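# Give me a 3D structure for the following:
(one chain, ligands or ions: 1)
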Amino acid sequence: MNKTISIVTLMMCVSCASSNATASVITDTNISKLNALILDGQNNHTVWPKSTVMMKQYLEDSDLFTVDVYRTKPTWKGESESQYYDLHSDNSQFHVSTPEKDLSFNPNFSDYDVVISNLGFKAASWSKGTQDAFETYMENGGGFVSVHAADNTFPQWLAFNKMIGLGGWGGRDESNGPYLYYDEKGKLIRETQKGSGGTHGKQHELQITTRAEHPIVEGLPAIWMHTKDECYGRLRGPAENITILATAHCTKDQKGTGKHEPMLMTVHYGQGRIFHTTLGHGSAAFESVGFITTFLRGVEWSATGKVSQTIPDDFPSKNKSQKRVFTLNQD
Ligand SMILES: [Zn+2]
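Below you'll find the predicted structure:
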């Protein structure tokens, strides 16, 4: 799947006077990048055209990835970020007032090491053929990353719900699976009582607690502060082959659940790897150094099963979030 750029420099010593002179020097530099695909086009979060560009730029600036964007033709709620919308739209895209199914939506998943969903709440369902192709891609060892409201999508698609492990809204309830959270003693609770899946209170800075040893969170502080964001709670789903990497305390004073809710997760589906982050409501959340770092590490892990990236010097501390104001690269 990797695109490989091979640079071979061959320097010949044609007429060497010295008997021990090197006849030739060959330098072979292989720069191999991972191929990532961002899906977008329908999301209740109007920031989506910009957040696609932000994530694409973060990935490309890491020098680990090449990135393509695959957009639905009918697009929903992308108008307010027209500058960014235009970067990855062409004449085939058109705005719609309610999400519409795109029967032509059929990315060639197998061209990519990892697929990232920036789709959101109410995104129209995919054709059966595209669903089947994505399931096959994942069963055969594909990589998938679900960002924020991507876990609101496709409530009726069982395989997708198994991939994301937990999801919210769209009619999700106990029939989708248990509600997972951590109690005050640090114990993982799988609650099976009746109840809807998905809630959040007001946005606030989220204090994140690491809950597992895993390459994505290796070397991070045990507790760190994320910028102002929604604190997703009461997510429900099959929760099979899932590892909760980190939780946030959704505080009651901000109308949250009062629980330590899963924010960063991994799931295994067939031979495939999934990284699920519930972070990323608005621009400030996408500028969070905590978001950027865990996103980049999660994408790499989903693509390869490993993480090669170090922790940046500006990573947040226990009580102070950090953000990098986004500036679009000018090529
Ligand atoms: Zn949101």
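# Now do the same contact list for the closest residue to the ion within the chain.
In the chain, the residue that lies nearest the ion is His281 (3.6 Å; CB to the ion). (Each C-beta comes from the backbone N, C-alpha and C, glycine too.) Applying CB atoms under 8 Å, 6 or more residues apart in numbering, one finds that His281 lies in contact with His45, His148, Gln203, Asp229, Glu230.
# Now tabulate these in JSON lines and tack on pLDDT and neighbour count.
Written out in JSON lines, the entries for the contacts of His281 read as follows (pLDDT from 0 to 100; neighbours: other CB atoms under 10 Å):
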{"residue": "His45", "pLDDT": "98", "neighbour count": "20"}
{"residue": "His148", "pLDDT": "98", "neighbour count": "28"}
{"residue": "Gln203", "pLDDT": "96", "neighbour count": "16"}
{"residue": "Asp229", "pLDDT": "98", "neighbour count": "26"}
{"residue": "Glu230", "pLDDT": "98", "neighbour count": "25"}
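# Same list (those) but as CSV, adding secondary structure and distance to Tyr84.
Converted to CSV, those look like this (DSSP: H, G, I helix; E, B strand; the rest coil; distance: CB to CB, whole Å):
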residue, secondary structure, distance to Tyr84
His45, coil, 13
His148, helix, 17
Gln203, coil, 21
Asp229, strand, 20
Glu230, coil, 21
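# restrict the residues you listed to those near the ion?
Counting by CB under 5 Å from the ion, Glu230 from these sit close to the ion.
# Looking at the contacts of His281, spot the one nearest Ser32.
Taking CB to CB as the measure, Ser32 lies nearest His148 of the contacts of His281, at 29.9 Å.
# Leaving out chain neighbours, which residue sits closest to that closest one?
Here the nearest residue to His148 in space, its sequence neighbours aside, is Gly280; by CB to CB, 6 or more residues apart in numbering that works out to 3.7 Å.
# what's the answer for Gly129, then?
If the residues on either side of it in the chain are set aside, Gly129 comes closest to Asn106, at 6.9 Å by CB to CB, 6+ apart.
# Model confidence score at that neighbour, please.
Reading off the per-residue confidence, Asn106 sits at a pLDDT of 98.
# what's around it, how many residues?
Under the neighbour criterion other CB atoms under 10 Å, Asn106 is assigned a count of 14.
# Could you double-check that it sits in contact with Ser127?
Yes: if you go by CB atoms under 8 Å, Asn106 and Ser127 touch, sitting 7.3 Å apart.
# Quick check: residues of the stretch 201-331 of the chain near the ion?
Taking CB under 5 Å from the ion as the contact definition, the stretch 201-331 of the chain meets the ion at Glu230, His281.
# Show me the shaky parts of the stretch 1-150 of the chain.
Of all residues in the stretch 1-150 of the chain, those with pLDDT under 70 make up the ranges 1-31.
# where along the stretch 51-200 of the chain do the strands fall?
Taking DSSP state E, counting those that start in this stretch, the strands of the stretch 51-200 of the chain run over residues 65-76, 94-95, 114-117, 143-147, 179-182, 188-191.
# and the first one, which strands flank it?
When you say that, I think you mean strand 65-76. strand 24-42 (parallel), strand 94-95 (parallel) (DSSP bridges).
# if you take the average position of this protein, which residue is closest to it?
Nearest to the centroid of the C-alpha atoms of the chain, with distances taken as CA atoms, centre = their mean, sits Val145, at 3.7 Å.
# need the longest helix for this protein.
Counting residues, the longest helix in the chain under DSSP state H turns out to be helix 289-304.
# how about that one as PDB, C-alpha atoms only?
Only the C-alpha atoms of helix 289-304 are listed here, as PDB (Å, rounded to 0.1, in the frame of the first residue of the first chain):
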ATOM      1  CA  VAL A 289      -1.900  19.700  21.600                       C
ATOM      2  CA  GLY A 290      -3.400  16.800  23.500                       C
ATOM      3  CA  PHE A 291      -5.800  16.100  20.600                       C
ATOM      4  CA  ILE A 292      -3.100  16.600  17.900                       C
ATOM      5  CA  THR A 293      -0.700  14.300  19.600                       C
ATOM      6  CA  THR A 294      -3.100  11.400  20.400                       C
ATOM      7  CA  PHE A 295      -4.700  11.700  17.000                       C
ATOM      8  CA  LEU A 296      -1.400  11.400  15.100                       C
ATOM      9  CA  ARG A 297      -0.300   8.500  17.300                       C
ATOM     10  CA  GLY A 298      -3.700   6.800  16.900                       C
ATOM     11  CA  VAL A 299      -3.600   7.200  13.200                       C
ATOM     12  CA  GLU A 300      -0.100   5.700  13.000                       C
ATOM     13  CA  TRP A 301      -1.100   2.800  15.300                       C
ATOM     14  CA  SER A 302      -4.200   2.000  13.300                       C
ATOM     15  CA  ALA A 303      -2.100   2.000  10.100                       C
ATOM     16  CA  THR A 304       0.900  -0.100  11.400                       C
END
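# for the record, mean pLDDT for it?
Along helix 289-304, the predicted confidence averages to a pLDDT of 98.
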